[in-house]
Structures are given as structure tokens and as C-alpha cells.
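Colleague: Build me a model from this:
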Amino acid sequence: MSESRIGARATFVLLRRALYYVWPVRFQLAVKLGLAMLGVTMMLVMPWPLKVLIDHVIMGIPVGQSPTPYPPYFAPLVTMLEGTSAEGIVILFVIFSLLFIALIGAFGSSSAARDGTDAGLAQGLDTATRSENLANISNSKVGGLLGYFEYRYQLRITHNLNHRFRSMLFGRLLALPMTHFAETSVGDSVYRVLYDTPSISRICYELAVTPVLAVFSISAIIWTTSYSFAAVPSIVWAAWAVTPLTLVVTFLMTGLARRRSAESRQAGAETTATLEEGMNNIVAVQSLGANKYERGRFEAESETSFKQFRNYMVVVIGMVALQVFIGMAMVFVVFFDVSEAIVDGRMSAGDYGVVFAYFLQLIGSTGALGALWFYLQDNIAAMARVFQTIDLPFDAEIHGDQELQMILQGVALKHVSYSYPDGTSALTDINFAANIGEMIALVGATGAGKSTLTYLLPGFISADGGQTLVDDQDIVSYSFESLRRNVTFVFQEALIFDDTVTNNIRLGNPDASGPEIRQAAATAGALEFIDALPNGFETRLGQAGGTLSVGQKQRISIARGLVSPARVLILDEPTASLDPETEMALMAALNSERERRLLIVIAHRLSTIRSADRIYFLEQGSIVEQGSHAELMQVEGGAYRNFVNLQLGEVA
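Modeller: Numbers count the residues shown, from 1 in each chain. Alright, predicted model coming up:
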């Protein structure tokens, strides 16, 4: 489902899924909710001491003779003041004020509407640059010691949730089939992990806390106004009317907000993808003089990202403006009735401050409740993108739980066929067998299906038909993790991380010792240039191994495969970037490796192929010949013989 076309029902389904992840932090959220409710309660109490000061000190009304009753939660305190002098009431008022300032950082009706605890980083006008604040979101409706403690406590909950979501999504991305990333931009995946997941942590918090606080505050205010100011009916019905009017206006704008948010996030993901592609292919960009073109492409997508976010913010501003308009309209209506009630003695001057303090709080609580649904539309788009990735089928789903301790015999393919997602046939009726102690070569023209065949063995892809066997048992019965531990793949394109040489090689075996790493490097012909690096094996290799030549990177990749304890080692064009001397040394090392492993080599160079125990020659996804080099060279007009003659002709 498109993120911009999520209906109300789908929204509730997504929200329910998000709340599932709140359960592990339910106790922390309960503490946060208790702190927040304590702060809200103190804000509800704050206007009444001001009424006491105005009515019983300034206006001289005797305590107990107020024209409007104090609410039951404050009346006992007023009763205790009977017989207290004006000076005594002022002293108690000062003490009460200092206590409230220390606890919540404010006192009085006007400051209560503004005070709070919050923090944030500078941010831009697009979704991506604002996500860092979402990842660290925390606030309190009050200041002082209580607000500071509540802020710090919520910050820990936010970090906990955000860490869980990021880690979960990144883990799921790592588990997706390799074909997924052939069709999806890596930049889009980065955007989902870094910029979409914080929205879910915010949703989890908001759903668990905001409705409870808002309903509690609104209910308390409506009940209090009904109890204390029933003499002026317009106050009561206005208090009742603010909430439904604000919510109706908010709900009418949610569909537009959801669409604008989805468009903003999609534009941001495309910008991130363009940046990622440009930096990954910087050598090609600079060598072709395409700097201006790439910059123009990025500028256009960046401008679109900002534009889409501004479109979303227009909707936000419109919603806030309507909420404020409704609240102020109610205040305007009530103003005349309150003024009249004070003049004719049904209310006191102190009641004026209480009424309007409560209306300001009511507008804030109602606005928060309405804004919750409204802002959910922004975060729903991000949530949909995250759960869309989580719901993708991943490799481990099709595998059983049997542990493959060690491959004892070998691997085989029986009548295997495979087609690409677009329906193009890649392999047809493949029958293939290879045993521990052998070196098998896969030969054929580019696009013949050699790499696709080997991708079946570790479960990178799944066959459409036939069986992929390890020790005569279908690989789907083995656990995903144990299968991958037993089949190591060295790709044609050397994959180097921005880390030390040691850690790059150790990726093949986290438990490898220093001597084992050094031996693997020597076998791969990499030891000489590694020792010549500034810090030897502890030298960082830079982004994608930018400090190394192509051949050097390939040798480190081979060393990574050799240090692995896996019994099946697959090498895709292992000698393609090696000089003849290094190639000969590597092939000699591989010949010794075959004693304890099964080596499967994809190769075009005759020097690599001829030492194989068995050669499989592929054409257009089918195995057309198999046998040793000597056997296949005896086949008159054979595909392999023609292949070799072409190479010899080129050499000549």
C-alpha cells in the first residue's frame, strides 16, 4: 500500500503494531505518566491561590463568603484560612508560590500556560534534518525540579525505544535477500533506518501518554467549571464545546496531512539515495567530468524535498491556526458573560483569573489531543515505510531450525531452475555435484548463469524448482545462520570496510587469531603489501578500501575467505586482478586448501581453470559440458574446447 494512501483502518492497524513495541518499557512509561499527571494536577491547582489573594486580600471578601464555591480538592485549604489575617494570607501565598516555582518553575495563571521543560537541536526545513530531534524527543508541561526530572526520565525512554527500532530494522535489512538491494536504493534503506524509525518511537510515547493526560486535564477542567461556575452557564457549555469543535476541525485535515507527509518523506529518501549513489561512484563522476550534472541532479531533488516539507508545514500551520481560532472564539464569547457576572455579584474578580487560566489550559489540552491524531498522520507515513520493510520476506523464513555443524560430504543441485523477479530465466534444469576435497570450476560466457548457480548454495536466492542439497539434505531444513557459516563466498567485486586490515580479514572468522590472520594474508599473496602499510595489519583502509589498489583489495577479500572455517569456499574470479606471479602463488595455495575444503571457482582465465578436478561449462543458464580439462579438450567442436582455443588465440 502506498504510504500516501493509508486509510483510517490501516492507520489503526499500524498504531496497534507500534504499541506492541511499547510493552517492554511499560513500567517506565507508567512512571512517566505518573510524573506528567502530577505536573498537570499542580497546574490545575495553581489558579486558585491567586483567586484567594485577589478576593480575600485585595478585595477584602471574608474567607468562606466567595460567591462561587471552591472545588472540593481546594476547599479544605481555604477552610484552614478562616480567621487568618490578610498579612498571614500573603505570607502563605508567598510560601506557596516559592514551593510551586521550585517544583514546577511557575506560579499564576499566565505563566502556567507558557512554562515547561523542553530542548532541541537546530534543524532545517525538511523531514531528514528534523529527525535528530525526534530521536531525542522529550518534554514536560512543567518546569522546575519536577519538569527537569520528568524530561530526563522521558529522554531515556525515547532513546530506548529508538535504539530498539533502529536495531530491529537494520537487522531485518541485513536478513533480506540479496536480490532486494538490486531493486531498491541503499539510500532509501538508510533513510528508513535513520529518519523514519524515530517517528515510531514518538508515536509509541504519544499514544501511551498524551491521550491519558489530555483526557484527565479536560475532564478535570470541565468538572471544575461545572462545579464552581454553574451560575454562568455559558462557561460550562463553552468548556464542553471546545473539545469536539477542535477535534472535528483536526480530523477534517488528517487526510491532507498524511499525503503531504508521505510526499515529503519520499522526496527526502530520493535525495538521500542520490547522495549515496554520487559518493559511492565518485571516481566515475570525476573521471567522466560529470560533477556539474550530479550536482544539478542533487540540487533538484534537494529543492523538491524542501518544497514538499513546506507543503506539509502549511497544513500544520493551518491546523494550529484553526485550533487557536476556536479557542479564542470561546474565550471571546465567555468574556462578556463573565464580566457581567462579576458586576452583578455572581462571580468575584478572582474568578476571572481562574476561568481564563482554565480556558487557556483547556485549549492547550484539547489542541494536544487533536494534534495527536494530526501529527500521527506525519508519523504514520514513516511507520508504514518501516513496517513495509519489516514485512518483506527474508531468507531465514524459508529455513528450518536444524543446525548444520559441518559439511561432511558436499553439495549438489538436482533439476534446479531459477528465474529473475521479472520472469527472465537464469537457470534451467541444472544438475551439479561437488564434494569436499575437490576444486570445481564454473566456466562460460558472461551472463551464462555461473554466479546465479553459486548463489543457490548459501541460500542467497531460492530455486523456483528442483533441490539444493548439502550432504544429501535440502538446505531449507538447515537453519539460515548455520548454512551461511558453512559456505563462504568471495565476490568478484572486493568488499572492503573502513576498518583495519585485521578486522577486514577477521570478518570471515571473528575468532581467528593473529597468526591465523597473518597466514591467510600470506596465502592470498597480501602479506608483503600489508606489512608495508604505515601501521601494518592495524592500518585503517578508508571508505571502501580507498587507500588500496584493486588487486590489493581482492587479495584481502581472498584472505577473508581463507581464514573462514567454512568447508565450502566459493571464489568468483579470484585471479582477475592479480599479476601472473601472485596468481601462481594463489593457485598453489588453493590446491593445498582443497584437501580440507570444497573449492568452487568461477573463472575465465585458463591458468585458473585447468587445475580443477571438474569443470562445468554453462551456456544460457544450462550446463552443456562437464569433465576435467583434459577430458573436455578431447571433445571435437566442444563448447569448452572452443572457449580455450579463443583464449589461446588471443594470447598468440
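
Colleague: got the contact list for the closest residue to L35 other than its chain neighbours?
Modeller: Once flanking residues are discounted, L35 sits nearest to E150: 4.3 Å by Cβ to Cβ, 6 or more residues apart in numbering. Every C-beta, even on glycine, is put in place using the N, C-alpha and C of the backbone. Counting by Cβ atoms under 8 Å, 6 or more residues apart in numbering, E150 makes contact with K32, L35, A36, G39, T117, S140, V142.

Colleague: Repeat that for V315.
Modeller: The contact partners of V315, by Cβ under 8 Å, 6+ apart, come to M253, L256, A257, R260.

Colleague: could you redo the last one with a cut-off of 6 Å?
Modeller: For V315, the contacting residues are L256, A257, R260, by Cβ atoms under 6 Å, 6 or more residues apart in numbering.

Colleague: Rounded mean pLDDT for the strand or helix carrying A257, please.
Modeller: Per DSSP states H and E, A257 falls inside helix 254-280. When the per-residue pLDDT values of helix 254-280 are averaged, the result is 72.

Colleague: That helix - contacts with which helices or strands?
Modeller: helix 127-135, helix 186-191, helix 291-343, helix 349-390 (3 or more Cβ pairs under 6 Å, 6 or more residues apart in numbering; DSSP states H and E).

Colleague: Ramachandran angles for L427?
Modeller: Backbone dihedrals for L427, given as degrees, to the nearest 10, come out at phi -140, psi 140.

Colleague: got a pLDDT number for it?
Modeller: The confidence metric pLDDT takes the value 89 at L427.

Colleague: which residues touch it?
Modeller: L427 neighbours (Cβ under 6 Å, 6+ apart): S417, Y418, G449, T452, G621.

Colleague: Tell me how far the third one lies from P580.
Modeller: Look at G449 and P580: by Cβ to Cβ, to the nearest Å, they are 29 Å apart.

Colleague: So these two - more neighbours on which side?
Modeller: Comparing G449 with P580 by neighbour count (other Cβ atoms under 10 Å), the higher total belongs to G449, at 23 against 10.

Colleague: sorry, back to before: out of the contacts of E150, which is most surrounded?
Modeller: Going through these with other Cβ under 10 Å as the criterion, the one with the most neighbours is V142, at 27 neighbours.

Colleague: That one sits in which helix or strand?
Modeller: With secondary structure defined by DSSP H and E, V142 is part of neither a helix nor a strand.

Colleague: isn't it right up against G39?
Modeller: Yes. Using Cβ atoms under 6 Å, V142 makes contact with G39 at a distance of 3.9 Å.

Colleague: For E573, give me phi and psi.
Modeller: Torsion angles at E573 (phi, psi; degrees, to the nearest 10) stand at phi 50, psi 60.

Colleague: what about it, how many neighbours?
Modeller: E573: 20 surrounding residues under other Cβ under 10 Å.

Colleague: Which residues are in contact with it?
Modeller: With Cβ under 6 Å, 6+ apart as the criterion, the residues that contact E573 are Q492, I602.

Colleague: Quick one: the helices in the stretch 351-500 of the chain, in order.
Modeller: In the stretch 351-500 of the chain, the segments counted as helices under DSSP state H, counting those that start in this stretch are 450-456, 480-486.

Colleague: which one of these is the most hemmed in?
Modeller: Sort the helices of the stretch 351-500 of the chain by mean neighbour count, taking mean count of other Cβ atoms under 10 Å, and helix 450-456 sits at the top with a mean of 22.

Colleague: could you give the mean pLDDT of it?
Modeller: pLDDT averaged over helix 450-456 gives 88.

Colleague: for stretch 155-173, same thing?
Modeller: Per-residue confidence for stretch 155-173 averages out to 81 on the pLDDT scale.

Colleague: Repeat that for stretch 42-49.
Modeller: This predicted structure assigns stretch 42-49 an average pLDDT of 85.

Colleague: SS state for the spatially most central residue of the chain?
Modeller: Nearest residue to the geometric centre of the chain (Cα atoms, centre = their mean): V193, 2.6 Å. For V193, the secondary structure call by DSSP: H, G, I helix; E, B strand; the rest coil comes out as helix.

Colleague: got a list of what it touches?
Modeller: R166, L169, F170.

Colleague: which residues touch the first one?
Modeller: Counting by Cβ under 6 Å, 6+ apart, R166 touches V193, T197.

Colleague: go on, the last one?
Modeller: Residues in contact with F170, defined by Cβ under 6 Å, 6+ apart, are V193.

Colleague: How about I436?
Modeller: Listed by Cβ under 6 Å, 6+ apart, the contact set of I436 reads G410, R567, L598.

Colleague: hmm, try it at 7 Å
Modeller: Under the criterion of Cβ atoms under 7 Å, 6 or more residues apart in numbering, the contact partners of I436 comprise I407, Q409, G410, R567, R597, L598.

Colleague: and those, which of them are in strands?
Modeller: Counting by DSSP state E, the contacts of I436 place G410, L598 in strands.

Colleague: What about the contacts of I436, which one has the most neighbours?
Modeller: Ranked by the number of neighbours (other Cβ under 10 Å), the contacts of I436 place L598 first, at 25 neighbours.

Colleague: Bridging across strands, which residues link to that one?
Modeller: Following DSSP bridges, L598 is listed with bridge partners V568.

Colleague: Let's see which of the contacts of L427 end up in strands.
Modeller: Using DSSP E, the members of those that fall within strands are S417, Y418.

Colleague: Distance to D344 for the contacts of L427 - can I get that in TSV?
Modeller: Conversion of those to TSV gives the following (distance: Cβ to Cβ, whole Å):
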residue	distance to D344
S417	92
Y418	89
G449	94
T452	90
G621	95
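
Colleague: Could you check how far E87 is from A18?
Modeller: Counting by Cβ to Cβ, the gap from E87 to A18 is 56 Å.

Colleague: quick one, which of these two is more surrounded?
Modeller: Comparing E87 with A18 by neighbour count (other Cβ under 10 Å), the higher total belongs to A18, at 26 against 9.

Colleague: Wait, K51 touches A349, no?
Modeller: No. K51 lies out of contact with A349 (Cβ atoms under 7 Å); the separation is 8.7 Å.
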